[in-house]
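In: No sequence on hand, only this structure:
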């Protein structure tokens, strides 16, 4: 198989798209009460929880929702969803893959309420899934990291071994692999083996920044100079370590690090963006307009639902222009459905 075809197949294999029937609602919910059930990590995780709720806040400012509120993960996803039902919420979001079972159950029991599941599948006429092909932009980040690494060793780790996490890690590792193929290099990836996913490195949750720092120190000891944490606020453990040791730099996940935490600009090369705010806004707007369906929302490079941030600070000029150009060309090619051999 050619390099071009092989890359096409690995990107297609890790794309999360579920096809379901369209079920339009009868009329617009012009006075929407939007309620957001968060996953672990908290409302200020500078990542998926925070970004998703930011989307709801923007939607309210635009007049698409009359009120919004959220509940932290707490001890029971089911209990949070029940509270939202009792509060007569008209559109309920579950944020994160771990809420999927609870959201499905609540949606089935309450067909008159609209539901949306971030990092989950659609189901029934009143439940819309929002997914993101973050393997695409992670592939670009992996290629860039491989090209910029001075030690020839990069690393990644996740919060938990669940699909919305491992899709980033897989795309990253395959981007490094592709760089090695086209450049005849041998950049090594720590923390993820595409052939043996069970050997991936994980913190076990999305909040233990101490463990995240420990993993980062261990990666540095193995000469990794670029680390990609996929776990919301866990990235803080990595970048705080980078500030201290000056042995590695990081890639941020989900949010734009320069906007979320500019104090880390010196140790964050680029952010691997997941358009959670835009996805949430899209669902709220559709419901407001009476166009809510259970057709999945899928963020891609093509529709700008995923992407890379601009480079930060010294990395704007520190990363060779030729490498930046290659990544930009790869992005266009992936958006068009294929990746060139070179």
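Out: Perfect, thanks for sending it. What you see is a predicted model, and the numbers here were worked out from it, not measured in a lab. Numbering: from 1, shown residues only.
In: contact partners of stretch 58-78?
Out: For stretch 58-78, the surrounding residues in contact (CB atoms under 8 Å, 6 or more residues apart in numbering) are 31-43, 53, 56-57, 80, 83-84, 87, 91, 94, 98-99, 102-103, 105-106, 277, 280-281, 284-285, 287-288. C-betas here are computed from N, CA, C, even on glycine.
In: Likewise for stretch 116-124?
Out: 18, 20, 23, 48, 52, 91-97, 99-100, 103-104, 107-108, 111, 127-132, 163-164, 276, 279-280, 283, 294-296.
In: do that again at 7 Å, thanks
Out: Identification of contacts with stretch 116-124 by CB atoms under 7 Å, 6 or more residues apart in numbering yields 18, 20, 52, 91, 93-97, 100, 103-104, 107-108, 127-131, 164, 276, 283, 294, 296.
In: all strands for the protein, in order.
Out: Secondary structure of the chain (DSSP state E): strands at 33-37, 67-71, 91-95, 114-118, 127-132, 153-158, 188-190, 226-230, 249-254, 268-274, 297-299, 306-308.
In: Centre of the chain to the second one, how far?
Out: In other words, strand 67-71. How far strand 67-71 lies from its chain's middle: 22 Å, per CA atoms, centre = their mean, to the nearest Å.
In: again with the first one
Out: Remark: strand 33-37 is offset 20 Å from the chain centroid, using CA atoms, centre = their mean.
In: Could you pull out the buried residues of it?
Out: 33-37 (16 or more other CB atoms under 10 Å).
In: Then the fourth one?
Out: For strand 114-118, the neighbour count (16+ other CB under 10 Å) marks 114-118 as buried.
In: From residue 236, how far off is residue 47?
Out: 10 Å (CB to CB, to the nearest Å).
In: okay, these two: which has more neighbours?
Out: residue 47 (27 against 20; other CB atoms under 10 Å).
In: Now do the residue lying closest to that one once chain neighbours are set aside: how many residues are near it, please.
Out: Ranked by CB to CB, 6 or more residues apart in numbering and with sequence neighbours excluded, the top spatial neighbour of residue 47 is residue 232, at 3.7 Å. Each residue near residue 232 was counted by other CB under 10 Å, and the total is 27.
In: One more: the one 5 residues further on?
Out: Here the number of neighbours of residue 237 (other CB under 10 Å) works out to 24.
In: who's in contact with residue 236?
Out: residue 209.
In: Could you pull up the residues touching the residue nearest to residue 235 when sequence neighbours are not counted?
Out: Take residue 235 and drop its neighbours on the chain: the residue closest to it by CB to CB, 6+ apart is residue 229, 4.4 Å away. Shown in contact with residue 229 (CB under 7 Å, 6+ apart): 157, 212, 235, 238, 250, 253.
In: Isn't the fifth one up against residue 237?
Out: No: the pair residue 250 and residue 237 fails to qualify as a contact (CB atoms under 7 Å) at a distance of 10.0 Å.
In: can you list the residues that contact the longest helix along the chain?
Out: Ranked by residue count, the top helix of the chain under DSSP state H comes out as helix 163-183. Under the criterion CB under 7 Å, 6+ apart, residues 3, 7, 10, 14, 16, 97, 119, 134-136, 138-143, 145-147, 154, 156, 158-159, 185-187, 189, 192, 194, 197, 200, 228, 230-231, 253, 272, 341-342 lie in contact with helix 163-183.
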